[in-house]
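J.: 3D, please:
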Amino acid sequence: MRVLQVYDNLSPDTSEGRRVITVSNELTLRGYQVTILTTAMKGQNFKSVLRDDVEVITHKPLFNVRKFNFSPSVHGLISEGDYDLIHAHSYRHYGTFASALHSSWHNTPLVLSPYGTISYASSESFTALYWLQDALTMKLPLRQASRILANTEYEKKQIVEYGGDSSKIDVVYREVDTELFRKLESTVLEPGTIIYVGRVTPLKGIELLIDSMPLLGPEYKLAIVGPIEDEAYHGALLRQVQALGLSNRVEFIGKVGYSDIPLYLSSAEVLVLPSLYENLGGVLLEAQACECPVVATDVGGVSESMIDSQTGFLVRRRAPENLAMTIKSLMEDKKKRKLMGKQGRKFIQSNFSTERYINKISEAYDLAM
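T.: Here you go, the predicted structure:
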């Protein structure tokens, strides 16, 4: 079977990009002919992590509006290949719309992996752009897809509410590379450090985690690891840290390489994800694979990515006191942290393996055909 993987802005440093790379590599090992169609961006470094037999075709966007690439050349590039199936990754990309258009014209089966991007709640600042996009495309990718791969049961419900056909939706939990994400000997963080890993953006609720820090003992520190996506929000967080007298206890480390994240997770005592919205919370999976217990707000599909009271704790949304109390109970109990870490690793190995993930995708391809 000749399969085209369509994903704008392919990068090994993003969660979605890594999944496209993993799918492409693993499918070629199973005998599929795989081509990736992605944008040609400066500084791209993905060929080193792709198998030699994965073909890569790039296109240059005509213009970009708030991360949305408009690239008419995609249509011709898709039509030039004699593909048996198209797998479009991320609902909001132009390449996904072009794939759906080609599918409707040529009857090529289309598989769609939205990765939580269908809902307007996935990015509050883009609501107007999402509304306009849906008006222009008339939700063609959602209607045209032969199979839709939801990350969680929660996302499946969202897709149905948004107009998706429930009979076409498969719940496919993402994979975790447990060779990369495992407990390592690491001292990149000081003992007693709580960690947040992810984008610095309002949707992640980082201010709630900072608010909880004065309620913890002064011996505990917070490391915030991840790219700054919203400069105004970052500035507000810095002022909050200063106002609370936490300048010597809260550190913004910034973006680190994807392969370095296990070093931080292995060195931290607890990972905290105080998000206001999450489709799944991929970093929760990666932390558990590294035997780091997790504390997360009970939003979206987060409850599907961990076992409450066994691999970590779920807490209420927008409740810094509850968050602080839960973190403190873990920080004061080393035995519990170690047990939860071991249980977390087993949970990930049992439910989020690469083999299981690729099997589900292969089954979806067969159904789509």
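J.: tell me the confidence at Lys42?
T.: For Lys42, the pLDDT comes out at 64.
J.: do the same with Leu314
T.: For Leu314, pLDDT reads 98.
J.: quick check, it in a helix?
T.: No. According to DSSP: H, G, I helix; E, B strand; the rest coil, Leu314 belongs to no helix; its state is strand.
J.: run through the bridge partners of it.
T.: Note on Leu314: beta-bridge partners Ala296, judged by DSSP bridges.
J.: quick one: contacts of stretch 39-50?
T.: For stretch 39-50, the surrounding residues in contact (CB atoms under 8 Å, 6 or more residues apart in numbering) are 8-12, 17, 21, 24-25, 36, 56, 58-61, 69, 71. The C-beta positions use only the backbone N, C-alpha and C, and glycine is treated the same way.
J.: I'd like the mean pLDDT over the helix or strand where Leu222 lies, please.
T.: Using DSSP states H and E, Leu222 falls within strand 221-225. Across strand 221-225, pLDDT averages out at 98.
J.: same check on stretch 165-182?
T.: Rounded mean pLDDT across stretch 165-182 is 96.
J.: same check on stretch 195-209?
T.: Stretch 195-209 comes out at a mean pLDDT of 96.
J.: mind listing what's buried along it?
T.: 195-198, 200-209 (16 or more other CB atoms under 10 Å).
J.: one step back: please compute how far the strand holding Leu222 lies from its chain's middle.
T.: 20 Å (CA atoms, centre = their mean, to the nearest Å).
J.: what does that strand contact?
T.: 189-190, 192-198, 200, 206, 209-210, 213, 246, 249-256, 261, 264, 268.
J.: now Asn25: closest residue in space that isn't a chain neighbour?
T.: Closest residue to Asn25 apart from its sequence neighbours, by CB to CB, 6 or more residues apart in numbering: Arg51 at 4.9 Å.
J.: could you report the neighbour count for the one you found?
T.: Number of residues near Arg51 (other CB atoms under 10 Å) recorded here: 13.
J.: my read: it touches Thr28, true?
T.: Yes. At 5.4 Å, Arg51 and Thr28 qualify as touching, with contact defined as CB atoms under 8 Å.
J.: hmm, back to that, sort out for me which of the buried residues of stretch 195-209 are in strands.
T.: Judged by DSSP state E, strands contain the following of the buried residues of stretch 195-209: Ile195, Tyr196, Val197.
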